[in-house]
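Asker: how would this look folded up:
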Amino acid sequence: MLNYIWIALIVIGLLVAVGNDVKDEIQNTYRNGVPLTATFVVQKAPTAQRATWEGELALSAESFGQFYGLKPGESEIRQPVSISTAPSGASTFLMVTGPSSPDHWKEMAKSATSKDKLMGTVQSMKFSADEATAEVEIVFEPIRLVKLKAVTQAALDYAATAVTIAIGLIGIMALWLGVMKVAEEAGLLKVVTRLLAPVTKRLFPDVPTDHPAIGAMIMNIAANMLGLSNAATPLGLKAMEELNRLNPKVGTATNAMVTFLAINTGGLILIPATAIAVRAAAGSSNPGIIIGTSIFGAACATVAGVTAAKLLQRLPRYRKDFEPVSQPGKEGDNG
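Answerer: Residues are numbered from 1 along each chain as shown. Here you go, the predicted model:
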């Protein structure tokens, strides 16, 4: 079911992106093919070695807003730009966007031929008498499929981020899994099981104290308390498998299964190691700040889950008659 949900979200995202791109194309949001008139302030004139003007493109906020159909800003737009002239006489321009560039141009630059750069052609260039400024008409390169490209780029970026975070988790996972394996081989698990026998007996009265399910559940809970959710998963599956061996009616969750699932889902935790590692890999300045809130939140969730499981199992509506399922071929079996 989760796979279908992810596929649906991906399809919806792509459809929304395509719909917005079609809308932009109809409205010509980025003014493809439409010349923009602005003032070019010359800072460096061409030389014998370099046939390029360097300067700034000056445009009033009102003119910019009217051209793109946007709400006018508060300040004049001045954008560094270079204009090159080919031997054939055709002129092109190159504009590198930056923090001070208008958001509309920065959005266009993300989908341009060169990232963070806008290019195009100069239709006309009329210099003033002192050749310090020039009135220019420029046409930007066609900008299309902005939203679709943004969705695609975001998918690639977050895929790379996921790999980086996953690699960063290898060390801490290997450390704690190794510690738990050493504890198991050294017999520490049996000692912990005996020490926790009074607690496990009250939580799981239907499970014998020395049953393998108790050890698996303790290891699962310990992994969760250390924040090793990935390491806890196989231990939880092993615990459920052992609990199912005690189940007189396969297919119906026993009280022990429900209680264990409540503890597992509540996520009782002491050291949120995985969350801390993820925050550290993401560049958090204080990755351990979540420890206190994690302990409090998980404790509340665990207490609420266990309390609900213990209370509801006493109600007749939630009780099940755990009668052994008759096996085929046995006496009294009509099958």
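
Asker: Where does K147 fall, secondary structure wise?
Answerer: Assigned by DSSP states H and E, K147 belongs to helix 146-185.

Asker: how far does that helix sit from the chain's center?
Answerer: In terms of C-alpha atoms, centre = their mean, to the nearest Å, the centre of helix 146-185 is found 11 Å from the chain centre.

Asker: Return the distance of I77 relative to F67.
Answerer: In this view, I77 and F67 are 11 Å apart by C-beta to C-beta, to the nearest Å. No exception for glycine: its C-beta is placed from N, CA and C like everyone else's.

Asker: neighbour count winner among those two?
Answerer: Comparing I77 with F67 by other C-beta atoms under 10 Å, the one with more neighbours is I77, at 19 against 16.

Asker: Which strand residues bridge the more buried one?
Answerer: Beta-bridge partners for I77, by DSSP bridges, are L59.

Asker: which residues does it contact?
Answerer: By C-beta atoms under 8 Å, 6 or more residues apart in numbering, I77 lies in contact with 57-61, 64, 102.

Asker: Which PyMOL command selects the buried ones in those residues?
Answerer: A single PyMOL command selects the buried members of the contacts of I77 (16 or more other C-beta atoms under 10 Å):
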select buried, resi 57+58+59+61+64+102
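
Asker: Which other helices and strands does the longest strand anywhere in the chain contact?
Answerer: The strand that spans the most residues within the chain, counting by DSSP state E, is strand 117-127. For strand 117-127, the elements it packs on are strand 91-96, helix 103-110, strand 133-140, judged by 3 or more C-beta pairs under 8 Å, 6 or more residues apart in numbering; DSSP states H and E.

Asker: quick one: terminal-to-terminal distance for stretch 258-277?
Answerer: 30 Å (C-alpha to C-alpha, to the nearest Å).

Asker: Would you mark the buried spots in that stretch?
Answerer: For stretch 258-277, a neighbour-count test (16+ other C-beta under 10 Å) marks 258-264, 266-269, 271-277 as buried.

Asker: what does stretch 239-246 give?
Answerer: Buried residues in stretch 239-246, defined by neighbour count with 16+ other C-beta under 10 Å: 239-240, 242-243, 246.

Asker: Quick check: D21 touching R144?
Answerer: Yes: contact criterion C-beta atoms under 8 Å: D21 and R144 qualify, at 7.0 Å.

Asker: neighbour-wise, which of those two wins?
Answerer: D21 (20 against 12).

Asker: and that one, that's in a helix?
Answerer: Yes: judged by DSSP: H, G, I helix; E, B strand; the rest coil, D21 forms part of a helix.

Asker: who's I83 bridged to?
Answerer: Bridge pairing for I83 - DSSP bridges - gives W53, F93.

Asker: and if you look at V41?
Answerer: E56, T133.

Asker: ok, how many other residues are close to it?
Answerer: 14.

Asker: TSV for the contacts of I77, including distance to G305?
Answerer: Below are the contacts of I77 laid out as TSV (distance: C-beta to C-beta, whole Å):
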residue	distance to G305
L57	62
A58	65
L59	61
S60	63
A61	57
F64	57
P102	52
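
Asker: rewinding a little: now the element after the helix holding K147, going C-ward?
Answerer: Past helix 146-185, the next helix or strand by DSSP H and E is helix 188-195.

Asker: Now do that following helix: everything it contacts.
Answerer: Against helix 188-195 from outside (C-beta under 8 Å, 6+ apart): 183, 200, 209-210, 214-215, 218-219, 222.

Asker: from the residues you listed, which is closest to A45?
Answerer: Nearest to A45 among the contacts of helix 188-195 is A222, at 74.0 Å by C-beta to C-beta.

Asker: what helix or strand does that closest one sit in?
Answerer: Following DSSP H and E, one finds A222 within helix 212-225.

Asker: Bridge partners for T121, pull those for me.
Answerer: Beta-bridge partners for T121, by DSSP bridges, are T92, V139.

Asker: so who does I214 touch?
Answerer: With contact taken as C-beta under 8 Å, 6+ apart, I214 is in contact with 193, 200, 204, 207-208.

Asker: cool, and A309?
Answerer: With contact taken as C-beta under 8 Å, 6+ apart, A309 is in contact with 255, 258-259, 262.

Asker: do you know how far the residue most central in space within the chain is from T164?
Answerer: By C-alpha atoms, centre = their mean, the chain has its centre lying nearest to Y158, at 6.3 Å. Between Y158 and T164 the computed distance is 10 Å (C-beta to C-beta).

Asker: Low-confidence ranges, the stretch 151-300 of the chain, go.
Answerer: Along the stretch 151-300 of the chain, segments meeting pLDDT under 70 span 168-169, 172-173, 176-177, 179-180, 189, 227-231.

Asker: and with 50 instead?
Answerer: The stretch 151-300 of the chain contains no residues with pLDDT under 50.

Asker: circling back to that earlier point, buried by neighbour count, from the contacts of I214: which ones?
Answerer: By neighbour count, with 16+ other C-beta under 10 Å, the contacts of I214 hold 193, 200, 204, 207 as buried.

Asker: Including secondary structure and distance to M125, could these go into JSON lines?
Answerer: What follows is these, written out as JSON lines (DSSP: H, G, I helix; E, B strand; the rest coil; distance: C-beta to C-beta, whole Å):
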{"residue": "T193", "secondary structure": "helix", "distance to M125": "85"}
{"residue": "T200", "secondary structure": "helix", "distance to M125": "84"}
{"residue": "F204", "secondary structure": "coil", "distance to M125": "84"}
{"residue": "V207", "secondary structure": "coil", "distance to M125": "86"}
